[in-house]
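> make a model of this:
(2 chains)
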Amino acid sequence: MSGNGTLLSVEHLQKFFPIRKGVFSRVVGHVKAVDDVSFTVGKGETLGLVGESGCGKTTLGRAVLRLIEPTGGTIRFDGKDVRALRGGALRTLRRRMQIIFQDPYSSLNPRMTVLDIVGEALAVHGIARGAEREERVKTLLEKVGLAGRYINRYPHEFSGGQRQRIGVARALALNPDFIVCDEAVSALDVSIQAQVINLLMDLREEFGLAYLFIAHDLSVVRHISHRIAVMYLGEIVETATSDDLFARPLHPYTRALLSAVPVPDPTRRRNRIVLEGDVPSPINPPSGCHFHPRCRYAEEICKSANPGVTDAGDGHTFRCHVVAREYPAAATQAAPAAP
Amino acid sequence: MADAAQGAERGVAPPRTGKPLLDIVDLKTYFHTDEGTVKAVDGVSYRAWPGETVGLVGESGCGKSVTALSILRLIAMPPGAIEGGRIEFDGEDLVQVPEARMRQVRGGKIGMIFQEPMTSLNPVYTVGDQIAEAVRLHLNLSGKDARDRSIDMLAKVGIPAPERRVDEYPHQLSGGMRQRVMIAMALSCDPKLLIADEPTTALDVTIQAQILELIHELQKELGMAVLMITHDLGVIAETAHRVVVMYASKIAETADVEGLFARPRHPYTRGLFRSIPSVAGRTARLEAIEGNVPSPLEFPRGCKFHTRCPFAAPHCEAHEPPLREVEPGHLAACWLLDPSGPMYDPGKVS
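Modelled structure (predicted):
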């Protein structure tokens, strides 16, 4: 972990989306998108968050910023209880917490110029206006590798990669401490992606930025993250430092995930663990360990009891009944009882 | 299915002898826009044999997708036009055949999958209707038979409960499932060539592994050629037999996959390899290629890579390098690699 002190601390965070049916919109169930997730992000630290579509990583990123309202749990940002804040206090805090979205096509308003997209927050928060705002937007654009003269153009005039850079510039506009990068570089070209990764790492260095780096590209996540959390079906199943996670993945899901990454080496042959099926529906997640229907090590106990968190040393934690037996000395924190 | 299956191994390359299935010769696809002529594809040639996977790799705007769309004649004309070259496919030149014939080829002998399974599927028809439409058109099957064929195809691409899924709408399916539906549709008429344009870019790695595995299995079974268009060198390494690297509407380098990855020669290809983070180990900083991918409206003169190339010299700005064979079957377009040019110095890029 780099930096000193905890910037963001999330405990037992839950986000359930109600499912409504019928003329009276009766609640008939819940999508448990994020279910009892706890993690911390230190100042200047990058926590990578990986997992498959529908595992809740995007919801988690947004719930942390309260872009969607969490159902339960606590979020502390620099000591402040984020969930207790309202109105102006929340808006002030939001200056320090930004997000770069996944889809550069839908996250930019097509009717706004780049100046207004990147500079909107500067105006809203009363930080810069007129010529000064224009100057700052130009500087921001140049920081992300776009020409300053583009400020009067519209999003459709840019390629997908360039649009994502506009999104990065927008997130940087208010000099935040913490940025949720939701698949922020996934849409970029390889040579440009490297530039943006370098840029994000430079900015981290320069301003002591902390990132929650949500991505599916594991090599990118490994490169940029100090620690990585692996998410599956609303839960974090394993957390470790980047190098440790790749050196000794413990959870069967993490192992499968790492083995699935295509490696740019045509001579390499290896045993790939190809997982069957998709992530099951979070509406009716499997009983016990959520991963058991796709797990090749699944036993009877996995079907009935949700495994607790086992600490394998060096802050490397995981949730698996079977692997936990290899760590008899480690204390396993019991999972919360099923509701 | 085996849990610890071998990954999407590309298997042994089929022999490149006899007549190629696809032979693209000096293809030029231009777009005449108000702002000027965009030479999206400018003199590109490559070939594919049955059972072979040709990987087309490059960055946005390099023309890799337009090459594929040209094969299918799916570019908007106007403003687009195929200005020159031939696309010999299975005995006919697709540049010349009438539109009516082209409609038979599209979705018939040539199947296609696109990057965005959501936007490529019609949201107001069930997936079954959409597969059946292709089957009715190309295989002349009637309602019931077309529906059965749709269910068979959905089962073939690994969709659970296909007899139920066939009546569902695209929004009811996950991204991976939609891409499977796209593949089912593309393969429903037994194509000889499958064009896969970034088929797994929108998907997660475990799903990507499934989809690449699936394409590979179906290729083995059906013997089709695959044109795999991607920006992901990992996907190329695992699927392609032959690789074409494109930069700014031209081929920068082409070779068999082992040769290209073991000894990339073009400065652009070499830069690309250095910009990817490795899962095998961490480096402090990536060696990104300087500058931006040039806009097709403002392509540089001479060698189009010279604005970003560490070896660029005045000769590169003025003259476009020819594609030269640097090793048997390995071609690159760089003045440093052209023995008959004034800058020949292959040591700089090996």
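> so where's the stretch 201-350 of chain B uncertain?
When residues are selected by pLDDT under 70, those of the stretch 201-350 of chain B lie in B:279-283.
> what's across from the residue positioned nearest the centre of chain B in the sheet?
Nearest residue to the geometric centre of chain B (CA atoms, centre = their mean): B:Ile229, 2.2 Å. Beta-bridge pairing of B:Ile229, defined through DSSP bridges, involves B:Leu56, B:Asp197.
> correct me, but it touches B:Gly63?
No. The pair B:Ile229 and B:Gly63 fails to qualify as a contact (CB atoms under 8 Å) at a distance of 10.5 Å. Backbone N, C-alpha and C define where each C-beta goes, glycine included.
> circling back to that earlier point, what residues are up against the residue nearest to the centre of chain B?
For B:Ile229, the contacting residues are B:55-57, B:64-65, B:68, B:195-198, by CB atoms under 8 Å, 6 or more residues apart in numbering or on different chains.
> and it, how far from chain A?
Summarising the geometry, the distance separating B:Ile229 from chain A, computed by CB to the nearest CB, to the nearest Å, is 14 Å.
> cool, B:Leu227 as well?
Note on B:Leu227: its distance to chain A, by CB to the nearest CB, is 18 Å.
> excluding chain neighbours, what is closest to that residue?
Nearest residue to B:Leu227 in three dimensions, chain neighbours excluded: B:Ile195, at 4.7 Å (CB to CB, 6 or more residues apart in numbering or on different chains).
> B:Leu154 now?
With sequence-adjacent residues excluded and distances taken as CB to CB, 6+ apart, B:Leu154 is closest to B:Pro162, at 3.6 Å.
> from what I see, that neighbour and B:Ile151 are in contact.
Yes. In this structure, B:Pro162 sits in contact with B:Ile151. The criterion is CB under 8 Å, and the distance is 4.8 Å.
> strands of the stretch 101-250 of chain A, start to end?
Remark: strands of the stretch 101-250 of chain A, listed N- to C-terminal, are A:178-182, A:210-214, A:227-232, A:235-241; assignment by DSSP state E, counting those that start in this stretch.
> that older thread, give the contact list for the residue nearest to B:Leu154.
Here B:Pro162 is in contact with B:151-152, B:154-155 (criterion: CB under 8 Å, 6+ apart).
> may I have the phi/psi pair for the residue nearest to B:Ile110 when sequence neighbours are not counted?
Spatial nearest neighbour of B:Ile110, chain neighbours left out: B:Leu193 (4.8 Å); criterion: CB to CB, 6+ apart. When quoted as degrees, to the nearest 10, the phi and psi of B:Leu193 stand at phi -130, psi 130.
> just B:Thr53 next, same as before
According to degrees, to the nearest 10, the main-chain angles of B:Thr53 amount to phi -110, psi 120.
> which residue is the nearest non-sequential neighbour of it?
For B:Thr53, the spatially nearest residue (CB to CB, 6+ apart) is B:Val226, at 4.3 Å.
> can you point out the buried residues in the helix or strand containing B:Ile183?
B:Ile183 belongs to helix B:175-187 when assigned by DSSP states H and E. Judged by neighbour count (16 or more other CB atoms under 10 Å in any protein chain shown), helix B:175-187 contains these buried residues: B:175-187.
> and that helix, C-alpha only, in CSV?
Extracted C-alpha coordinates of helix B:175-187, given in CSV (Å, rounded to 0.1, in the frame of the first residue of the first chain):
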residue,chain,number,x,y,z
GLY,B,175,-23.8,-9.5,-23.3
GLY,B,176,-22.1,-12.8,-23.7
MET,B,177,-25.4,-14.5,-24.6
ARG,B,178,-26.1,-11.8,-27.2
GLN,B,179,-22.7,-12.3,-28.8
ARG,B,180,-23.5,-16.0,-28.9
VAL,B,181,-26.8,-15.2,-30.6
MET,B,182,-24.8,-13.1,-33.1
ILE,B,183,-22.5,-16.1,-33.8
ALA,B,184,-25.5,-18.4,-34.1
MET,B,185,-26.9,-16.0,-36.7
ALA,B,186,-23.6,-15.6,-38.5
LEU,B,187,-23.1,-19.3,-38.7
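> which elements pack onto it?
strand B:110-113, helix B:117-120, helix B:127-139, helix B:143-156, helix B:205-222 (3 or more CB pairs under 8 Å, 6 or more residues apart in numbering or on different chains; DSSP states H and E).
> so which of those is the most packed in?
Taking mean count of other CB atoms under 10 Å in any protein chain shown as the contact definition, the stretch among the helices and strands packed on helix B:175-187 with the greatest mean neighbour count is strand B:110-113, which reaches a mean of 25.
> what about the helices in the stretch 251-350 of chain B?
Read by DSSP state H, counting those that start in this stretch, the stretch 251-350 of chain B holds these helices, from start to end of the chain: B:257-262, B:267-275, B:314-318.
> part of a strand, is A:Pro264?
No. Inclusion of A:Pro264 in a strand is not indicated when DSSP: H, G, I helix; E, B strand; the rest coil is applied; the result is coil.
> show me the residues around it that make contact.
The neighbourhood of A:Pro264, defined by CB under 8 Å, 6+ apart, consists of B:233-234, B:236-237, B:261, B:273, B:276.
> swap the cut-off to 6 Å and go again
When contacts are counted by CB atoms under 6 Å, 6 or more residues apart in numbering or on different chains, A:Pro264 is found next to B:233-234, B:237.
> try B:Arg86
By CB under 6 Å, 6+ apart, the contact set of B:Arg86 is B:25, B:93, B:95.
> who's the first one bridged to?
By that I understand B:Val25. With DSSP bridges as the criterion, B:Val25 is bridged to B:Arg86.
> so it sits right up against B:Ser45, yeah?
Yes. Applying CB atoms under 6 Å, one finds B:Val25 in contact with B:Ser45, separated by 5.2 Å.
> residue of the stretch 101-250 of chain B closest to chain A, please.
Distance from chain A to each residue of the stretch 101-250 of chain B (CB to the nearest CB) is smallest for B:Gly234, at 3.1 Å.
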